[in-house]
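Enquirer: generate coordinates for the sequence data below:
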Amino acid sequence: MKAHELRDLTEGELVTRLDEAYEELMNLRFNVAIGQQRDTNRMAEIKRDIARIKTVQRERQLAAEMS
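Expert: Numbering: from 1, shown residues only. Reported below is the predicted structural model:
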């Protein structure tokens, strides 16, 4: 997901997406550990998505503090 797409979401939707991303990351880690998942690139993608979501949340927090 791109950052400009995330900026269009509400705060509640961002929190939901963040929770879903953490859950998917946990499931992928588990599957890699037991040998069912070979695609470790997906883990990196999810980590980047989490970072993007947190960045957008921080931008909004800073904007709220400035006003």
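Enquirer: what about the closest residue to residue 22 other than its chain neighbours, helix or strand, and which?
Expert: With CB to CB, 6 or more residues apart in numbering as the criterion, residue 22 has its nearest non-adjacent residue at 6.9 Å, and that residue is residue 50. Where you see a C-beta, it was placed from the backbone N, CA and C, and this is true even at glycine. Following DSSP states H and E, one finds residue 50 within helix 41-66.
Enquirer: so which elements touch that helix?
Expert: helix 3-7, helix 11-34 (3 or more CB pairs under 8 Å, 6 or more residues apart in numbering; DSSP states H and E).
Enquirer: taking helix 41-66 as reference, get the angle to the last one.
Expert: Here helix 11-34 points in a direction 150 degrees away from that of helix 41-66 (axes from the mean of the first three to the mean of the last three CA atoms, to 10 degrees).
Enquirer: distance between helix 11-34 and the chain's centre?
Expert: 8 Å (CA atoms, centre = their mean, to the nearest Å).
Enquirer: buried residues in that helix?
Expert: For helix 11-34, the neighbour count (16 or more other CB atoms under 10 Å) marks 14, 17, 18, 21, 24, 25, 28 as buried.
Enquirer: what of the first one?
Expert: Within helix 3-7, the residues that count as buried by 16+ other CB under 10 Å are residue 6.
Enquirer: residues touching that helix, excluding its own?
Expert: The contact list for helix 3-7, computed with CB atoms under 8 Å, 6 or more residues apart in numbering, reads 14, 17, 52, 53, 55, 56, 59.
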